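S.K.: one predicted model, sequence on top.
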Amino acid sequence: MSDPAKSQPLRVNGITAPLRYSTFRRIWLASLLSNLGILIQYVGAAWAMTEMTSSADKVALVLTALMLPVMLIAIPAGAIADMYDRRIVTLIALSIAFCGAIALTVLDWVGLTTPNLLLLLCFTVGSGMALMGPAWQSAVAEQVPAEALPAAVALNGISYNIARSFGPAIGGIVVATAGAVAAYALNALLYVPLMISLFLWRRVAAPSRLPREQLSRAIVSGVRYITNSPPIKIVMTRAFVTGVIGGSISALMPLVARDLLHGNARTYGILLGAFGLGAVIGAFYVGEVRQRMSGEAAVRACTLSLGTAIVAVALSREAFLTACALVLAGAVWTMTMTLFNIGVQLSAPRWVAGRSLAAYQAAFSGGIAIGGWGWGRLTDAAGVELALLVSASMMLLAPLLGLWLRMPRINALGEDAEVLADPEVQLPLTYRSGPLVVEIEYCVALENARAFHNLMQEVQLSRQRNGAYGWSIARDIADPKLWTERYHCPTWLDYLRQRNRWTKAERALDREALAFHVGPEPVRIRRMLERPFGSVRWREEVPDGATDEVVAVDCKRGGRHY
């Protein structure tokens with residue numbers, strides 16, 4: 001059953017509007033508790049590592065163990081989120097994290113935890129959360145109506161940042177009073193409300209008109225889309241670099257509390273709470289920043305501010321001043337992450353939304369994981385202060401990346417266009433028939449040749465993003481007005497998917513290319529089955545084993561729809 005409130009018009013504006021819908025409200029509140037739990041566990045694990053070893057490398061690896069799974073399994077997780085019931089995927093992912101937290105609790109209770117075992121179990125918990133991420137983020141659209149979606153996405157970010165404000169402080173108190181084992185047990189307990197809320201959610205999903213992709217093909221489709229999407233590649237690169245450089249602030253914070261401020265677990269929790277408080281402030285003001293500044297200007301301002309905050313953390317020896325610097329760091333860190341996230345979400349269509357978000361998470365989390373390890377090694381060699389100062393210097397230089405990799409303009413590039421009718425065919429085809437060759441013949445005025453050729457380079461990326469390969473554009477040497485675009489699709493089913501994956505921006509690009517065509521006849525399109533052995537029987541008496549798989553298509557062929 002769907003949420004009854006979801007079918008009613010939205011009467012409340014503002015950031016709290018999605019909380020009117022009972023399904024979203026129940027899951028959101030439960031997710032807040034889950035976020036508190038994971039942060040409490042991180043405090044316990046990080047502080048336990050400082051007590052088990054004096055190696056800064058090992059301490060920093062706690063963050064790496066939690067974040068590295070996002071980089072390793074994000075793309076498969078995104079494909080799974082796009083292919084299967086997101087509610088079931090999220091429940092399975094939570095169960096993995098829950099088992100890891102239970103195992104960590106039991107082993108620590110009996111005194112069997114070692115530094116390597118602690119990292120392994122943190123990696124297990126991180127793997128569950130990495131599998132959950134894409135399904136969790138892309139499921140929000142199924143819990144609220146479209147007009148409430150931006151506020152719902154923002155509320156999910158605020159939920160995590162509220163947890164960052166209070167979870168570390170609570171974790172510091174728990175660890176200081178009852179030990180790390182209590183932090184692990186509390187995390188496991190706080191997973192339960194979210195699992196119950198998801199179990200009670202009666203998700204209703206519209207069935208797809210085409211068969212589900214295989215996991216391997218879905219992963220390939222996602223990677224192909226991302227590699228042929230310049231805006232997403234730019235955002236991922238900037239996010240990775242920011243994660244590598246800025247990961248120092250989270251990875252080395254236990255050592256800041258212990259070595260620079262000479263504090264205890266409670267001090268560490270307060271520092272993390274200050275960072276989380278800044279994150280909440282940043283989440284509330286990111287909308288205003290977007291209105292006043294372009295994406296590139298906002299990212300530059302945030303990275304410069306973050307570099308300044310890291311300098312203050314490195315030089316401060318007073319807990320209050322360090323906490324103030326961390327409030328600033330948390331605010332601009334969250335703004336930067338949100339700007340990157342918005343850039344990806346508004347550039348990717350719904351069919352690949354989970355995979356695009358997963359790739360972004362992999363880039364950002366992978367940068368944090370690699371940076372955490374690197375900053376830990378540098379700290380072992382040169383000390384906490386110098387490591388933070390090196391990080392700050394690199395962060396202050398990071399805006400120079402904008403000279404080569406300028407942040408894309410934020411608009412609704414990923415909005416899906418209307419679904420195209422299937423083309424008319426006379427040859428019996430199955431979904432597996434292929435490869436399919438498509439040839440599109442344009443007649444272009446000679447004076448427009450260069451402009452047409454330049455536009456077709458963008459068309460190439462559009463075709464390849466959506467499943468085509470072997471793309472080429474050729475010009476007739478006997479009649480220079482004639483141009484032939486040619487590309488392949490692996491199977492008939494892949495071609496049907498390619499036709500129905502276009503966004504409105506890609507459809508507009510298609511119309512722009514068609515506008516170059518001149519002459520009385522429309523653009524000519526040929527669709528051919530390459531090496532069509534499967535469609536021809538060797539002997540007349542041999543039965544056609546694919547008869548029951550033939551795809552029925554009765555739509556008329558349109559000259560301008562391909």
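M.R.: Arrived safely.

S.K.: how about the CA coordinates for stretch 458-466, as CSV?
M.R.: The C-alpha coordinates for stretch 458-466 follow below in CSV (Å, rounded to 0.1, in the frame of the first residue of the first chain):
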residue,chain,number,x,y,z
GLU,A,458,28.2,15.8,-28.9
VAL,A,459,25.7,13.4,-30.5
GLN,A,460,28.4,10.7,-30.3
LEU,A,461,28.7,11.0,-26.6
SER,A,462,24.9,10.9,-26.3
ARG,A,463,24.6,7.7,-28.3
GLN,A,464,27.5,6.0,-26.4
ARG,A,465,26.1,7.0,-23.0
ASN,A,466,22.9,5.2,-23.8
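
S.K.: contacts for that stretch next, please.
M.R.: Stretch 458-466 has contacts (Cβ atoms under 8 Å, 6 or more residues apart in numbering) with 224-225, 228-230, 471, 473, 485, 487, 497-498, 501-502, 506, 509-510, 513. Yep, even glycine has a C-beta here, placed from its N, CA and C like the rest.

S.K.: from those, list just the buried residues.
M.R.: Buried members of the contacts of stretch 458-466, counted by 16 or more other Cβ atoms under 10 Å: 224-225, 228-229, 471, 473, 485, 487, 497-498, 501-502, 506, 509-510, 513.

S.K.: which sections of the stretch 351-500 of the chain are below the confidence cut-off?
M.R.: In the predicted model of the stretch 351-500 of the chain, residues 410-419 satisfy pLDDT under 70.

S.K.: just the strands in it please.
M.R.: Under the criterion DSSP state E, counting those that start in this stretch, strands of the stretch 351-500 of the chain are mapped to 436-443, 469-475, 482-489.

S.K.: nearest to residue 203, out of those strands?
M.R.: strand 482-489 (31.8 Å; Cβ to Cβ).

S.K.: find the nearest non-adjacent residue to residue 481, please.
M.R.: In space, and not counting its chain neighbours, residue 481 is closest to residue 443: 5.2 Å by Cβ to Cβ, 6 or more residues apart in numbering.

S.K.: so what's the one you found bridging to?
M.R.: The partner list for residue 443 in beta bridges (DSSP bridges) reads residue 482.

S.K.: distance of it relative to residue 449?
M.R.: Distance of residue 443 to residue 449, computed by Cβ to Cβ, to the nearest Å: 12 Å.

S.K.: check residue 272 too.
M.R.: Taken as Cβ to Cβ, the span from residue 272 to residue 449 is 61 Å.

S.K.: pull out the buried residues from the helix or strand where residue 296 lies.
M.R.: In this structure, residue 296 sits in helix 295-315 according to DSSP states H and E. For helix 295-315, a neighbour-count test (16+ other Cβ under 10 Å) marks 295-296, 298-314 as buried.

S.K.: so what's the gap between the helix or strand bottoming out on mean pLDDT in the chain and the chain middle?
M.R.: Least confident helix or strand of the chain, by mean pLDDT, DSSP states H and E, is helix 149-178 with a mean of 76. Its chain's C-alpha centre and that of helix 149-178 lie 20 Å apart, by Cα atoms, centre = their mean, to the nearest Å.

S.K.: how about that helix: buried residues?
M.R.: 150-176.

S.K.: try stretch 226-236
M.R.: Judged by neighbour count using 16+ other Cβ under 10 Å, the buried positions of stretch 226-236 are 226, 228-229, 231-236.

S.K.: just the CA trace of it, in PDB.
M.R.: Extracted as PDB, the C-alpha positions of stretch 226-236 are listed here (Å, rounded to 0.1, in the frame of the first residue of the first chain):
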ATOM      1  CA  ILE A 226      29.600   7.900 -16.800                       C
ATOM      2  CA  THR A 227      32.700   7.700 -19.000                       C
ATOM      3  CA  ASN A 228      30.700   9.400 -21.800                       C
ATOM      4  CA  SER A 229      29.200  12.100 -19.500                       C
ATOM      5  CA  PRO A 230      31.700  15.000 -19.200                       C
ATOM      6  CA  PRO A 231      29.700  16.800 -16.300                       C
ATOM      7  CA  ILE A 232      29.700  13.700 -14.100                       C
ATOM      8  CA  LYS A 233      33.400  13.000 -14.800                       C
ATOM      9  CA  ILE A 234      34.300  16.500 -13.800                       C
ATOM     10  CA  VAL A 235      32.300  16.300 -10.600                       C
ATOM     11  CA  MET A 236      33.800  12.900  -9.700                       C
END
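
S.K.: contacts for it next, please.
M.R.: Applying Cβ under 8 Å, 6+ apart, the external contacts of stretch 226-236 come out as 340, 343-344, 347-348, 355-356, 359-360, 363, 405-408, 413, 461, 464-465.

S.K.: circling back to that earlier point, got a markdown table for the strands of the stretch 351-500 of the chain, with distance to residue 129 too?
M.R.: Converted to a markdown table, the strands of the stretch 351-500 of the chain look like this (distance: least, Cβ to Cβ, whole Å):
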| stretch | distance to residue 129 |
| --- | --- |
| strand 436-443 | 40 |
| strand 469-475 | 35 |
| strand 482-489 | 36 |
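
S.K.: between those, which one is closest to residue 240.
M.R.: strand 469-475 (26.7 Å).

S.K.: and the strands of the stretch 351-500 of the chain: which comes nearest residue 385?
M.R.: For the strands of the stretch 351-500 of the chain, the distance to residue 385 is smallest for strand 469-475, at 52.1 Å, taking Cβ to Cβ.

S.K.: now the angle from that closest one to strand 436-443?
M.R.: 20 degrees (axes from the mean of the first three to the mean of the last three Cα atoms, to 10 degrees).

S.K.: tell me how far strand 469-475 lies from the chain's centre.
M.R.: On Cα atoms, centre = their mean, the centre of strand 469-475 falls 31 Å from the chain's centre.
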